[in-house]
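My questions are about this predicted structure, shown below with the sequence.
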Amino acid sequence: MSADNEAQAQEKLIDLAAEFYDQFDRGEIPSMSVPTRTKSNIVFDEDSEVWVYGDRESTRSANSVRGARKLLKAIYTIDFLAEQLNQDRSSTLRELYYLSESWDAQEAQFSNQDESNQLVEDLEIVSEVTREDFHMRPEESGATIMGPLYLREQTRRGERDIHCQEDVGEGGYQIPNNPDTIEFLDNDADFVLAVETGGMRDRLVENGFDDDYNAIIVHLKGQPARATRRITKRLHDELDLPVTVFADGDPWSYRIFSSVAYGSIKSAHLSDYLATPEAQFVGIQPSDIVEYDLPTDPLSDSDVNALESELDDPRFQTDYWEEQIEIQLDIGKKSEQQSLASHGLDFVTDTYLPERLTAMGVL
Amino acid sequence: MPSIQSTLGEEEGIAEELAQSQRQISIAEFFEKNKHMLGFDSGARGLVTAVKEAVDNALDATEEADILPDIYVEIDDTGDYYTLIVEDNGPGITKEQVPKVFGKLLYGSRFHSREQSRGQQGIGISAAVLYSQLTSGKPAKITSRTKGSAEAEYFELVIDTDENEPEIRKEGTTSWDRTHGTRIELEMEANMRARSQLIRYMKHTAVVNPHARLTFKEPSMDEAHQFERVEDADLPAKTEEIRPHPHGVELGTLLKMLAGTDSHSVSGFVQSEFTRVGKKTADSILDNFRDRHFGREMAWRAPQPHDDADVARAVQQAVANKGADATNAFADEVTRKVEARDRVAHHELVEIVAEVADEVGDDHGVTFGSTVQENAVEAGWGELTADRTADLYQLVDKATSTRKDDETVHGLAERLAKRFEKGRERDRATRKELREYIDRAADQTEEYDDATIGDTARENVVTELRSVMVTVPDDVPKVRDLADDRDATSELLEAMRETDIISPPTNCLSPITADLVEAGLRKEYDADFYAASSRDADVHGGDPFVVEAGIAYGGDLEAEGSAELLRFANRVPLVYQRGACATTDVVKSIGWRNYNLDQPGGSGIPNGPAVIMVHVASTNVPFTSESKDAVANVPEIEDEIELAIREAARELKSYLNKRKSLQKRKKKQNVIASILPQMAEKLADVTGKDEPQYGDALARIMNNVLVEREVESVAPEEQREGGEAAGRKVRLVVENHTNTNESPDITDIVSAEPTNLSNGATAVDMDGEWFIKWSPTVESGDEAVLEYDIAEDASFDVSVEGIEDPKLTVNQ
């Protein structure tokens, strides 16, 4: 990251504080408006083809005791972040939560981590600076890449050139918190395959899928961290690689796909920075459950609720997803990625993925 | 005593023997054995009751004489016994009356009157005398001095329980410092276990008699406690005696009144002996009485042209020897008049015939005598009643639901017609008889026609038939006949109850009034909030009554446990039997949570620092027993108690709501007022500027009135002539961020003489400090600027009145 970025982030934070200052000075009640972060307030942006926040706003105003506390916390956090940038340090979201305990104003301390996380998101949106530029890290990123990709990473110990097959162990290349510090040098890849579970990722690596098909295997580790989504988007945008997502066949996994492809509700303000709208869903599709005769579990009540809520979700309102979700509600079953092992350990790499990827036009 | 077996055969002897031990029991003797009925069941309770009776008497006596009561009550522990002394400043009692008033049970002036008073039966004080003589054996010592007399009369007396007559032990005159009044001294076996009840009784009496001064001393007190009267409290309004209300008498009373009245006619009787009965009401009562006594007459439809019946022909044939013209004219005219009416009852036919006989007789020079008239009526009535079934069919059909099939309705009508035919002459029937007709007819219809005619349907038919039946014009019995006729009198009583009569007048009542209820509570309870209500008068069993309620809340009232309930009847505190009282039941049944009071389980006496007071005033308060401790559960009274309490409770609710919102506001203010400075400090840190002003924002957030001081140095040349050293201009800015206009009183106290005062303010010098006063009116959202000039080194201190504290922000 450049010193420019940091200075700009710091300036924007101080601008925010100055706005509160001016509100006070004008005798106004200090307040801050942020878009409402709910499913009902995201709209599809035709230009960037991602989902962004709509017009509805929530106001944090000192008019109420709650609002006043929130603003006090915001001001303390701004002070902290500005100071952190000043000293070129970084911290995690959790550290921020604990750190608030040391603040002299009792009322400024966070009562739980959700509150501090939410506040950082608020500040991101209002200042238009990403969390990474505030030097705020999530607790764990840990997602990995394996594949024919050669890159350069800026580390604290200087630049490192890494090949994501030859220079890494079985575990693959660890994606850093701020993937914008990476520079892509070279690649032999044909496409990106983002995989939900660690078990399946290990299976693909063991079977040499990355080598055989020139695939960059990105491990999502469940709901993907921002860094994972960011690097996926960069792989697509900068290297012009098609992105595919391979997950379980249940409603929660569809959400993982949608946050890769369309952006998540909580970070819709960063959708054009994180989302890869061209990403395609490999499976497990509900239709695959029938077609490949996969072992299944019955849908639980919460699964059914989640599916129905997805039918209402603007991000899922496409013919493809409506059809798939209807099928799943109809058969009342779900399957995991690893259920493909019922046809043998090599079935996924020899049969399923080649068939699906060919059908999708990736291979 | 020999057994009955051994004396069989000598029956006369037994009866005589038994008769020897049968004798009249004197009322005094009866109560001697039944002390508990009058509230003298234990030493502790006996003392309370004696105090209560004596004080009630004293209050009644003074008020009757238009004297503001000043009553002294003293209880002394004299070793073996307790002595009770009660003194009043009443008019005194004449020498002749003293023994009777205190020494004879059931002697009193109020038992027969319908007027609100504390005592009613004349038992109370003499019962206290009786109790004292039974327990201590000592006579009652009575001193009484009437106004203007030189000396006071002094008596020592006991009650002869055999005869219920006073027995004077000592009689004479004595000197007394009161110019008029009565003093009674009783010695009795007692104890002070009921001390708290006694004190409560005195306190409650003081609440409910704000016009009275009470002084109370009991053995544990060092000096007497004085319950002062509310300043300017007048005597309760004088009450007037009223006659009984027709809705409230009972059969026995009515018979007695009938026997005793001077009136001959029932109409005169009801008008003269009852309240609220004039000529019109008397007529309604009489009509109702006729309906019950004689029954109503059924009125039938005149036969229609297509019917077989023909009134004209029948009448024509019934008249003989009057000439064809006259006869035809007579018959035609009768028919015309009958047909002109919708329905005709027998007595109406009689009227028509008589009328036509006169007219036609005059025209034709013929006399239609009474025999002819009777024949004509009989013939005409025969035709009118020829087809009752068809007529009844219509009425029954109208009264019953459409689901009844035609056959059922017809069957019922046919059988009803038969009942009328077999029933009383002229088709008369009382309501009761009518119902019997319908029951018989309906039962038969159910039996033979396989139909069901329910109770509602039957009652509907009764109502429908009665609506076309007519009251007969017969003369009602005279008063002297009624007095011996229990059944007819009971019909009259029913008629009186049935008739709508306005409520009795209320000048026989003397409510405390809401203002004085509140003043009374204010005087004896130190609370934050008081509310009172006084309902309009209502009636129960012919006796008017008024219910009043009061509530006190907060302040020094006991916050732990249940609210205190004060019950009063005719200005007398009710001390015992709380659980049996209608007042308690009503208070428990109210959902106090609606009124923001704590009520565990949602029913029962509410918790918290509250006093709930209920006063029932009536010419006859219905008590559950002779000891007059609890109001009976009369629905009309319970309803009014509830409404009165709710009325006062609504005020309490809005008070508590307001208090709650002010508390909430204060809490918000405290939090916001601590957060905003922290925000300002941190913002100064981040931006590297001076701390921003947050006072305006705070006032705006709190919708407050903000008073802010701005001080500015004034250059010397701007100062007025002869000005001292460089001075300062002081500005007090009053910003109104509330939703209403505000008019605060603002006082700035300064240590030097101020000049150039703005907005018409004045400065008053008080020992070297100047008080500057403004009373600006600031509109919602507006501000006022108050200015003055002052010396450089002066100090100031502003205070603002007229705005509730939580709504005010002052920045000095």
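It's in.

Disregarding residues adjacent in the polypeptide, which is nearest to the closest residue to chain A within the stretch 51-200 of chain B?
As assessed by CB to the nearest CB, chain A sits closest to B:Arg200 within the stretch 51-200 of chain B, at 45.3 Å. From N, CA and C alone the C-beta is placed, and that goes for glycine too. Leaving aside its sequence neighbours, B:Arg200 sits nearest to B:Val575 (CB to CB, 6 or more residues apart in numbering or on different chains; 6.8 Å).

Give the helix, strand or coil label for that neighbour.
Secondary structure, DSSP: H, G, I helix; E, B strand; the rest coil: B:Val575 is coil.

mind checking the backbone torsions on the residue of the stretch 51-200 of chain B closest to chain A?
Per-residue torsions, B:Arg200: phi -60, psi -40 (degrees, to the nearest 10).

got it, and A:Thr244?
phi -130, psi 150.

ditto for B:Gly760
Dihedral angles for B:Gly760 - degrees, to the nearest 10 - are phi 60, psi 30.

So for it, what's the pLDDT?
Reported pLDDT at B:Gly760 in the predicted model: 78.

Could you give the number of residues near the residue nearest to B:Arg200?
Residue neighbour count, defined by other CB atoms under 10 Å in any protein chain shown, stands at 21 for B:Val575.

and what of A:Asp313?
Neighbour tally, A:Asp313, other CB under 10 Å: 20.

Surely it touches A:Thr38?
No - here A:Asp313 does not reach A:Thr38: they are 11.1 Å apart, not a contact under CB atoms under 8 Å.

Where does pLDDT dip in the stretch 51-200 of chain A?
Low-confidence regions of the stretch 51-200 of chain A, defined here as pLDDT under 70, cover residues A:140-142.

An error on my part: the question was meant for chain B.
B:1-12, B:22-28, B:105-117, B:119-123, B:402-403, B:542, B:714-726, B:812.

Show me how the record splits it into domains.
B:27-227, B:251-294+B:474-498, B:298-384, B:388-470, B:514-658, B:695-811 (automatic domain parsing).

Ends of the fourth one, what's the gap?
Right, domain B:388-470. Criterion CA to CA, to the nearest Å; first-to-last residue distance in domain B:388-470 is 16 Å.

Next up, the contacts around B:Ser713.
B:Ala726, B:Gly727, B:Arg728, B:Lys729, B:Glu792 (CB atoms under 8 Å, 6 or more residues apart in numbering or on different chains).

quick one: which of these is most hemmed in?
Neighbour max across the contacts of B:Ser713 (other CB under 10 Å) = B:Gly727, 24 neighbours.

Show me what that residue bridges to in the sheet.
B:Ala791 (DSSP bridges).

How much space separates it from chain A?
Taking CB to the nearest CB, to the nearest Å as the measure, B:Gly727 falls 28 Å from chain A.

If I follow the layout properly, the residue nearest to B:Arg200 ends up in contact with B:Gln197?
Yes - counting by CB under 8 Å, B:Val575 touches B:Gln197, with 5.2 Å between them.

shared neighbours, the two?
Common neighbours of B:Val575 and B:Gln197 (CB under 8 Å, 6+ apart) are B:Val48.

most centrally placed residue in the chain?
Because you didn't say which chain, this covers chain A. Against the mean C-alpha coordinate of chain A, by CA atoms, centre = their mean, the closest residue is A:Arg226 at 3.7 Å.

that answer is for a different chain, and I need it for chain B
B:Val546 (2.6 Å).

my read is that one is in a strand, agree?
Yes - under three-state DSSP, B:Val546 sits within a strand.

wait, what's in contact with it?
B:Val546 touches B:Thr506, B:Leu509, B:Pro511, B:Ser534, B:Arg535, B:Asp536, B:Ala537, B:Asp538, B:Val616, B:Ala617, B:Ser618, B:Glu640, counting by CB under 8 Å, 6+ apart.

Tell me which entries of those lie within strands.
B:Ser534, B:Asp538, B:Val616, B:Ala617, B:Ser618 (DSSP state E).

quick one: which of those is most hemmed in?
B:Val616 (27 neighbours).

Excluding covalently adjacent residues, which one is nearest to whatever residue of chain B ends up closest to chain A?
Closest residue of chain B to chain A, CB to the nearest CB: B:Asp696 (3.2 Å). Nearest non-adjacent residue to B:Asp696, counting by CB to CB, 6+ apart: A:Gly27, 3.2 Å away.

which residues of the stretch 201-350 of chain A fall in strands?
A:215-219, A:243-246, A:280-283, A:297-298, A:333-334 (DSSP state E, counting those that start in this stretch).

Point out the other helices and strands that the longest one packs with.
With contacts defined as 3 or more CB pairs under 8 Å, 6 or more residues apart in numbering or on different chains; DSSP states H and E, the secondary structure elements packing on strand A:215-219 are strand A:144-146, strand A:191-195, helix A:198-206, helix A:209-213, helix A:226-239.

follow-up on the earlier one: and the domains of chain B as CSV, adding distance to B:Pro236?
Formatted as CSV, the domains of chain B follow (distance: least, CB to CB, whole Å):
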stretch, distance to B:Pro236
domain B:27-227, 6
domain B:251-294+B:474-498, 21
domain B:298-384, 54
domain B:388-470, 46
domain B:514-658, 7
domain B:695-811, 38
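
Name the residue of chain A that lies nearest to chain B.
Closest point on chain A to chain B, by CB to the nearest CB, is A:Gly27, at 3.2 Å.

Tell me the secondary structure at that residue.
Classified using three-state DSSP, A:Gly27 is coil.

how deep is it tucked in, by neighbour count?
That count, for A:Gly27 with other CB under 10 Å as the rule, works out to 18.

May I have the phi/psi pair for it?
According to degrees, to the nearest 10, A:Gly27 has phi 80, psi 10.

quick one: contacts for residue 78?
In the absence of a named chain, chain A is used. Contacts of A:Ile78 (CB under 8 Å, 6+ apart): A:Leu13, A:Ile14, A:Leu16, A:Ala17, A:Leu123, B:Val686.

Chain B, not that one
Contacts of B:Thr78 (CB under 8 Å, 6+ apart): B:Glu187.

Return the distance of it relative to B:Pro600.
To B:Pro600, B:Thr78 is 46 Å away according to CB to CB, to the nearest Å.

For the stretch 101-250 of chain A, what lies in contact range of chain B?
Within the stretch 101-250 of chain A, the positions lying close to chain B (CB under 8 Å from any CB of the partner chain) are A:Ala105, A:Glu107, A:Ala108.

ok, then the element right after the helix or strand in which A:Gln118 is found?
If you go by DSSP states H and E, A:Gln118 is part of helix A:113-127. Later in the chain than helix A:113-127, the nearest helix or strand by DSSP H and E is strand A:136-137.

contacts for stretch B:152-163?
B:26, B:28-29, B:32, B:92, B:95, B:98-99, B:102-105, B:126, B:129-130, B:133, B:139-145, B:165-176, B:178.
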